[in-house]
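Engineer: predicted model follows, preceded by the sequence.
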Amino acid sequence: MASPTTDGIVPRREDRPLVTGAARYCDDLAPPGALHAVFVRAPLAHGRILAIDPAPAAAMPGVAGVFTAADLGLPPLPPGDGPAAMARPVLATGTVRFLGEAVAVVVAGTRVQAMDAAEAVEVDYEPLEVVVDPRAALADDAPELFEGTGNLARERPWPEPSRALEGAEVVVRGRFVNQRVAAAPIEPNAAVAVPEPDRDGLTLYAPCQAPFWTRDTVAETLGLGPDQVRVVVPAVGGAFGARIHTYPEQVAVAALARRLGRPVRYVESRSETMLAMTHGRAQVQEVELAATRDGRITGLRARLLADGGAYPADAPSMPSSTRYMASGVYRIAKVEVAWACAATNTTPVAAYRGAGRPEATAMVERAVDLLAARLGIDPAELRRRNLIPARAFPYTTATRARYDSGDYQAALDRVLEAAGYHDLRATQAARRQRGEVRQLGIGLSVYVEVTGFGSEYGQVEVEPDGRVTARTGVSPHGQGHETAFAQLVAATLGVGTEQVAVVHSDTFAVPRGDGTMGSRSLQVGGSAVAEAAGKVLSKARALAAHLLEAPAEDVAVFPGEGLGVAGAPSTALAWAELAAAAADPDRRPPGMDAGLEAAVDFKPERSTFPFGAHLAVCEVDTETGLARLLRHLAVDDAGRIHNRVLAEGQVHGGIAQGVAQALFEEVGYDEDGNCLHGNLASYAMPSAADLPAFETMRMETPTPLNPLGVKGIGESGTVGSTPAVQNAVVDALAHLGVTHIDMPLTPERVWRAIQAAAGG
Amino acid sequence: MKVTVTVNGQERSAEVEPRLLLVHLLREKLRLTGTHVGCDTTSCGACTVLLDGTPVKSCTMFAVQAEGREVTTVEGLAAAGTLHPIQEGFKEEHGLQCGFCTPGMLLASKALLEENPDPTEEEIRWALSGNLCRCTGYQNIVNAVQWTARKLQSDSAATGAS
């Protein structure tokens, strides 16, 4: 039988419509008669809504209606992991809690009419005291976002008594700001809702990662059943975690389409999306790392303060995940991590590529470098002394994470060798010796992360013409799942990939699913499809054996031909023939059900833990503070690689986003809660000219936890790269006395750190 | 007011407001939705089209400014169903993931190769620095442009030899 995992290069079937402009993203859908919705957004970060006067707007040309929270009369969105008291209303109700929150919505015949009218909606606000800093938000006298509840969304305290630092010979301490960043997919947020009177429901087209979750949110909020709401995900222009949950604007558009009995379209401007789409990271880490004098780590203690933004629905799970992964790749006997998640007058925080794991890796890897500097031990050597050895897997950490498989030492050795570590150190020493303006820094990060939660639906069916349809509950947005999943089915059944259709992203075409996030799609969704294909093959084999009057174990797959008796290709029955026989009770063996179809809900027993080692080489101009990334090397191990090209693409994109956090990107707020980086002119997303080519290498340590042996690869680049780059920049300046610089490592920050170290 | 523009070789006219942006003329009036809008500050380049052969960000000019001129959009790249080499290059080298920035990248790349048929990696990176991609990390986009440069050169060598 053909292995369902192949390593070949299969051209992406997704590409042709994307390179010809034929693909349809959400705002490309223009149902006939559609109205356009534009949201009126809060111009201040915290305020009481005193009055909304829709009349001037309602009288403007083309306006079909102006709606406030009172007009829509919808319950709040589900609170997620946050407290119910902090649940988010669909439109601001009584109070606005962050700049850009939707307060009202105007619907008109054209988008321009709706935009003009939105500007004419008069809203009176009474400004309230603003809190943007999560520490300030937890102070006793802090202004409350939700009256009478305080601003603490959730917390996990340290164990009492704390023992993590007991017996330590050396303790290093750091306070690291893992800054707030924006996922910033290039496609802004959008939705199109079409009323469906036949089923007293609607169809919602939305760029989202989890269509079934969006269906549930919309149905619950609108008081409908799941069978009344169809969610279809068109082409999606990137997501990166920020489209996992459903946006209130999308729910509002769904409600408006039903109310007005006409399709309603909405698309945000980038300036809206920068404020309205959830941000990521936003975590302050106070960490203590305890060790012996010869560099054995004995304990880690950390306190994480997570900024949840105005409605912390998903935010508390980020520090929770950071805590879970706080041991990193090291044997650490005692790990104690406390965390708190606070509401602030800022854009809500939720998942962003890695969702808590990049924060964990950044914390540990930065702390290990602090320890290396304190002990005067080479950072690679210090890591080597503390890595979990390959023989120790499966390994359970102090935070009860059960690492399935790994060889961290091999990943570290490989990246050091590929980089020419000793030569780099020699070059660095020579530049220091000569006192050059441009100093060289070498940064390491050895990471482990966790991927592949939940269960996923997969179904495979042979059609009467012999073509094959696969259905999956995952919902891609650029990853290439159609190509990857078609490969799985094709390899199992011995058909060409072009014979396999992959159906996804439509809650009426697939019965259930979770979606695409957490680097889970191939290992959970792909495993479901692969197992379903395997079941179809078993059934087809029994059928062929019956038809050919041969034992089932003698029936072989003849790629491109069908199934026949092993060694006798001329006996092969084509899949169309098998499908016809399967539909015919007279040709099936007794007791066999009709059809060549199987469905599987695959639920891995546990999560998988991809790992790797990254090494960054940075050059820092000590006069201007400009840090340039010269080289970035990545050894990533995500188990078996199913499609090398797609995996490589994921790694590249992940590294770019991780480097961007280290060097360029930050969403900042002033003390009044005004966003300082609310568009792409001020938010420093890197271009091609800001990044080098990455040197990527693969290791493949299969996981026993799924039939494909694969782990997730979507986020590892982001997890591994950020601390490597940060460590490299600090390393370049270590001889000047610099021990830490918070991200992003802009010229100004770097220059200030140099001046501070010099006592300037 | 009326504006007449040659789009992908075809003369197209529309009644427009003076404030209508070129990108909205293309997307909303002419229903050429391959040109995307990713920002409102001329930063992302998703809306890049060729105006008389030169890349412009179609969100940053009015439709009426294109009066009487020639616009090429992504829909005009393939000829009679045959992909343009730059489209092939992006496919071959996995130069796209979500595809949203791709139309702009394709047109900016095409213009680059017409001006500089054999660009270095550095030149490619700078030429595309007005176009943002959030998925690929740019490496395969650079590879795609290099693939196309080689393809165009071998094609023209073949033509020259025949």
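Structural biologist: It's in.
Engineer: give me every residue that touches A:Glu715.
Structural biologist: For A:Glu715, the contact set (C-beta atoms under 8 Å, 6 or more residues apart in numbering or on different chains) comprises A:Arg353, A:Gly354, A:Ala355, A:Arg357, A:Pro358, A:Glu449, A:Thr451, A:Gly518, A:Ser519, A:Gly654. Bear in mind the C-beta positions are built from the backbone N, C-alpha and C, glycine included.
Engineer: cutoff 6 Å now
Structural biologist: A:Glu715 is in contact with A:Arg353, A:Gly354, A:Ser519, counting by C-beta atoms under 6 Å, 6 or more residues apart in numbering or on different chains.
Engineer: ditto for B:Trp126
Structural biologist: Residues in contact with B:Trp126 (C-beta under 6 Å, 6+ apart) are A:Ala689.
Engineer: that older thread, from the contacts of A:Glu715, which land in strands?
Structural biologist: Among the contacts of A:Glu715, no member falls in strands (DSSP state E).
Engineer: list the buried ones in stretch A:460-476?
Structural biologist: By 16 or more other C-beta atoms under 10 Å in any protein chain shown, the buried positions in stretch A:460-476 come out as A:460-462, A:466-476.
Engineer: typo on my end, it should be stretch A:116-130
Structural biologist: A:Asp116, A:Ala117, A:Ala118, A:Ala120, A:Val121, A:Val123, A:Tyr125, A:Leu128, A:Val130.
Engineer: need the pLDDT of the residue of chain A most remote from its centre.
Structural biologist: Most distant from the centre of chain A: A:Glu549, at 51.3 Å, with distances by C-alpha atoms, centre = their mean. Looking at A:Glu549, its pLDDT is 96.
Engineer: cool, and A:Met1?
Structural biologist: pLDDT recorded at A:Met1 is 30.
Engineer: quick one: the residue farthest from the centre of chain A and A:Glu577, what's the gap?
Structural biologist: Counting by C-beta to C-beta, to the nearest Å, the separation of A:Glu549 from A:Glu577 is 15 Å.
Engineer: looking at the buried residues of stretch A:460-476, which is nearest A:Gly494?
Structural biologist: Taking C-beta to C-beta as the measure, A:Gly494 lies nearest A:Val468 of those, at 10.6 Å.
Engineer: ok, A:Ala168 touching A:Glu288?
Structural biologist: No. The criterion here is C-beta atoms under 6 Å, and A:Ala168 misses it with A:Glu288 at 8.7 Å.
Engineer: flag every buried residue along stretch B:124-131.
Structural biologist: Neighbour counts over stretch B:124-131 (16+ other C-beta under 10 Å) mark B:Ile124, B:Arg125, B:Ala127, B:Leu128, B:Ser129, B:Gly130, B:Asn131 as buried.
Engineer: what's the helix or strand for the residue nearest to the spatial centre of chain B?
Structural biologist: The geometric centre of chain B, computed from its C-alpha atoms, lies nearest to B:Leu107 (C-alpha atoms, centre = their mean), at 2.0 Å. Assigned by DSSP states H and E, B:Leu107 falls within helix B:102-115.
Engineer: for that helix, name the packing helices and strands.
Structural biologist: If you count contacts as 3 or more C-beta pairs under 6 Å, 6 or more residues apart in numbering or on different chains; DSSP states H and E, helix B:102-115 packs onto strand B:48-51, strand B:54-57, helix B:85-92, helix B:139-161.
Engineer: could you dump those into TSV and include mean pLDDT, mean neighbour count and distance to A:Phe694?
Structural biologist: Formatted as TSV, the helices and strands packed on helix B:102-115 follow (pLDDT from 0 to 100; neighbours: other C-beta atoms under 10 Å in any protein chain shown; distance: least, C-beta to C-beta, whole Å):
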stretch	mean pLDDT	mean neighbour count	distance to A:Phe694
strand B:48-51	98	24	25
strand B:54-57	98	19	26
helix B:85-92	97	23	19
helix B:139-161	92	18	6
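Engineer: roughly how far apart are the closest residue to A:Gln499 other than its chain neighbours and A:Arg281?
Structural biologist: Excluding its sequence neighbours, the residue lying closest to A:Gln499 (C-beta to C-beta, 6 or more residues apart in numbering or on different chains) is A:Arg467, at 5.1 Å. A:Arg467 sits at a distance of 45 Å from A:Arg281 (criterion: C-beta to C-beta).
Engineer: do the same with A:Cys26
Structural biologist: 26 Å.
Engineer: who has more neighbours, these two?
Structural biologist: A direct count of neighbours by other C-beta atoms under 10 Å in any protein chain shown for A:Cys26 and A:Arg281 places A:Arg281 higher, at 29 against 25.
Engineer: need the nearest residue in space to the more buried one, chain neighbours excluded.
Structural biologist: Nearest residue to A:Arg281, sequence neighbours excluded (C-beta to C-beta, 6+ apart): A:Asn178, at 4.9 Å.
Engineer: how many residues are close by A:Asp294?
Structural biologist: A:Asp294: 10 surrounding residues under other C-beta under 10 Å.
Engineer: what's the distance between A:Ala120 and A:Val38?
Structural biologist: Distance, A:Ala120 to A:Val38, using C-beta to C-beta: 11 Å.
Engineer: for A:Ala582, same thing?
Structural biologist: According to C-beta to C-beta, A:Ala582 stands 53 Å off from A:Val38.
Engineer: chain center to stretch A:336-356: distance?
Structural biologist: Here stretch A:336-356 shows a centroid-to-chain-centroid distance of 14 Å under the convention C-alpha atoms, centre = their mean, to the nearest Å.
Engineer: do the same with stretch A:503-516
Structural biologist: The chain centroid and the centroid of stretch A:503-516 are separated by 19 Å under C-alpha atoms, centre = their mean.
Engineer: buried sites along it?
Structural biologist: For stretch A:503-516, by 16+ other C-beta under 10 Å, it's A:His504, A:Ser505, A:Asp506, A:Thr507, A:Val510, A:Gly513, A:Asp514, A:Gly515, A:Thr516.
Engineer: can I assume the third one is in contact with A:Val233?
Structural biologist: Just to be clear, that refers to A:Asp506. No. A:Asp506 lies out of contact with A:Val233 (C-beta under 6 Å); the separation is 7.4 Å.
Engineer: residues of chain B that sit close to chain A?
Structural biologist: Proximity of chain B to chain A, by C-beta under 6 Å from any C-beta of the partner chain, involves residues B:33-34, B:38-41, B:43-44, B:46, B:74-75, B:78, B:87, B:90-91, B:94, B:96-103, B:125-126, B:128-129, B:132, B:134-139.
Engineer: flag the shaky bits of the stretch 101-250 of chain A, pLDDT-wise.
Structural biologist: Regions of the stretch 101-250 of chain A meeting the criterion pLDDT under 70 are absent.
Engineer: typed the wrong thing, it's chain B
Structural biologist: In the predicted model, chain B carries pLDDT under 70 at residues B:161-162.
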